[in-house]
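> Turn this into a model:
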Amino acid sequence: MDTGIKVYLISFAFVVLNAALIYYEIFYFPIIPVILLLAWMAFASLDKFIYLIVFFVPLSIPLTDIVGRHIGVDLFLPTEPMLAGVMILFFLKYLKGQRLDIRILRHPVTIAVYFNIAWIVVTSITSSMPLVSVKFLVARIWFVVAFYLIASEIFKSKKNMRQYIWLYIIPFSIVIVYSLVRHSSSGLLNQMAAHAAVKPFYNDHTAYGMALGMMIPVLLGLFFAYYRQISHLKRFLFFLLILLFFMATVFSYTRATWVSLAGVAGIWVLVLLKIRWQYVVAAVVIVFSLFFTFQTEIMLKLEGNKQTSSGKFTEHIRSISNVQTDASNLERLNRWSCALRMAKERPVFGYGPGTYMFQYGAFQNSWERTSISTNAHTLGNAHSEYFGPLAEQGIPGLLSILAIIVFTLRTGMRVYFKSKSRQVKILALSVLLSLITYYIHGILNNFLETDKASALFWGFTAILVALDLKYSPTETTPR
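Predicted coordinates for the structure are as follows:
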């Protein structure tokens, strides 16, 4: 039979079957060809499939926003089902003998990632809620497999690194414009409107602000790295894009993002001045020593600040240090206190990955509760990328996160100082600074269980590892 006739017959059969199913109120049949197409793409070209996932990440929406919270489970669509497929395909290929570059698997950052996942496995076994912890574990594995392990292999070319970044920037720019337009309908100076303006693509303005903070350093890095190679028109468009991201950051009203970008600016100055890291560590130790020495006086000063969150930028900045009346700040202190008490109860194994939100209610003190406190598990978690693992996975869990950060910092700085390529140096530094915004932001919030943060956190970590493996100190002409 002629191929054209086959296509027509298959199309006709699909239309008839779909019409029949719609008659019986079954509306999901058209999704099947899409799923088959995606499956074929994953088998045919896994790197392009990863790129497609990255493109969808800023546009993904929670399942509960579509079908409601009554189903008892949530995931981001379409990215997390696609990531699950990548994870399964990765392990199938591994069983067939297809391996990643052994240098990636033996890199210090990768070894730290092994430690993190291995300890999550252990604490999932000892968890107070094993099913919750296993779900957390599986999600962590599919994020690491796609955005770190496979991405590290893809990033053997700088071009692929740039493609990965741009495939996040382009759809994210659409989300930014959408959010600003929605926000402007209530007034851009309306701080409360910023929370809802980013829905359904981001749960709230803090996750949105986190992504903005991570993208600004790398955007600036790409601009300066390739400024000489692009036309005047592209430079102008690039400048407008950077301006858009800065504008969105301001109107996100995300104080943690503002703090992280200010911190990164300071670190950038230290790097440019080539201040030795020993001096930086000594300065940090001195600052912490002074804090503990004069903590009573400092806390009295902070308690004198009663400025709450505000639509006025100066007042909103002042509210960052308000630990007396600002409900958001006080609730964070409440959650952190609960995490410390949970860690004291189970210092080695914790209560289990992903369980904090279900367990912390019993650890709240009445005098630390705020107007937004709750015993329910519907209003967030530990609000920290460090206190959360401490409560859920014990001290080893916290150390595993810190190990990833330390080895990533060492890797990024090694590439920056040892590479002889200007573009590589700028790319490495900008990606590292982007990660540092998350390390700082992670003190106040935690998003690594979401695709929005994981695509950037693990993807940027993979870029530094790939650069480290390719651009050795003895290389004179980078490829």
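> Buried residues in stretch 32-43, which are they?
Going by neighbour count (16 or more other C-beta atoms under 10 Å), the buried part of stretch 32-43 is 38, 42. C-beta here means a position set from N, CA and C on the backbone, and glycine is covered the same way.
> Same check on stretch 387-399?
387-394, 396-399.
> where do the helices sit along the stretch 201-350 of the chain?
205-225, 232-251, 255-272, 277-293, 295-303, 313-318, 327-345 (DSSP state H, counting those that start in this stretch).
> Tell me where this structure is predicted with low confidence.
Scanning the chain for pLDDT under 70 picks out the ranges 1-30, 68-73, 277-278, 280-281, 284, 287-288, 290-326, 371-372, 375-380, 472-479.
> Longest helix in it, by number of residues?
Ranked by residue count and defined by DSSP state H, the top helix of the chain is helix 387-418.
> Convert the C-alpha atoms of the next helix or strand after it to PDB, please.
Moving toward the C-terminus from helix 387-418, the next helix or strand (DSSP states H and E) is helix 422-441. Extracted in PDB, the C-alpha atoms of helix 422-441 (Å, rounded to 0.1, in the frame of the first residue of the first chain):
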ATOM      1  CA  ARG A 422      38.700  35.000  28.200                       C
ATOM      2  CA  GLN A 423      35.300  33.600  27.200                       C
ATOM      3  CA  VAL A 424      35.800  30.500  29.400                       C
ATOM      4  CA  LYS A 425      36.800  32.600  32.400                       C
ATOM      5  CA  ILE A 426      33.800  34.900  32.000                       C
ATOM      6  CA  LEU A 427      31.400  32.000  31.500                       C
ATOM      7  CA  ALA A 428      32.800  30.100  34.500                       C
ATOM      8  CA  LEU A 429      32.700  33.100  36.800                       C
ATOM      9  CA  SER A 430      29.200  34.200  35.700                       C
ATOM     10  CA  VAL A 431      27.800  30.600  36.200                       C
ATOM     11  CA  LEU A 432      29.500  30.300  39.500                       C
ATOM     12  CA  LEU A 433      28.100  33.700  40.700                       C
ATOM     13  CA  SER A 434      24.600  32.500  39.500                       C
ATOM     14  CA  LEU A 435      25.000  29.500  41.700                       C
ATOM     15  CA  ILE A 436      26.200  31.600  44.600                       C
ATOM     16  CA  THR A 437      22.900  33.600  44.400                       C
ATOM     17  CA  TYR A 438      21.100  30.300  45.100                       C
ATOM     18  CA  TYR A 439      23.500  29.400  47.900                       C
ATOM     19  CA  ILE A 440      22.700  32.700  49.600                       C
ATOM     20  CA  HIS A 441      19.000  32.500  48.700                       C
END
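> and helix 422-441, how far out from the chain's middle?
Computed by C-alpha atoms, centre = their mean, to the nearest Å, the chain-centroid distance of helix 422-441 equals 14 Å.
> so what secondary structure elements neighbour that helix?
Counting contacts by 3 or more C-beta pairs under 8 Å, 6 or more residues apart in numbering; DSSP states H and E, helix 422-441 packs against helix 158-184, helix 205-225, helix 255-272, helix 387-418, helix 451-470.
> got the buried residues for that helix?
Neighbour-count burial for helix 422-441, counted by 16+ other C-beta under 10 Å, picks out 423-441.
> Then stretch 260-277?
So stretch 260-277, judged by 16+ other C-beta under 10 Å, has buried residues 260-261, 263-264, 267-268, 271.
> same question, stretch 219-235
219-223, 225-226.
> re the thing from before, nearest to F245, of the buried residues of stretch 387-399?
Distance ranking of the buried residues of stretch 387-399 against F245, using C-beta to C-beta, places G388 first at 27.6 Å.
> Tell me who's in contact with that closest one.
339, 356, 381-382, 446 (C-beta atoms under 8 Å, 6 or more residues apart in numbering).
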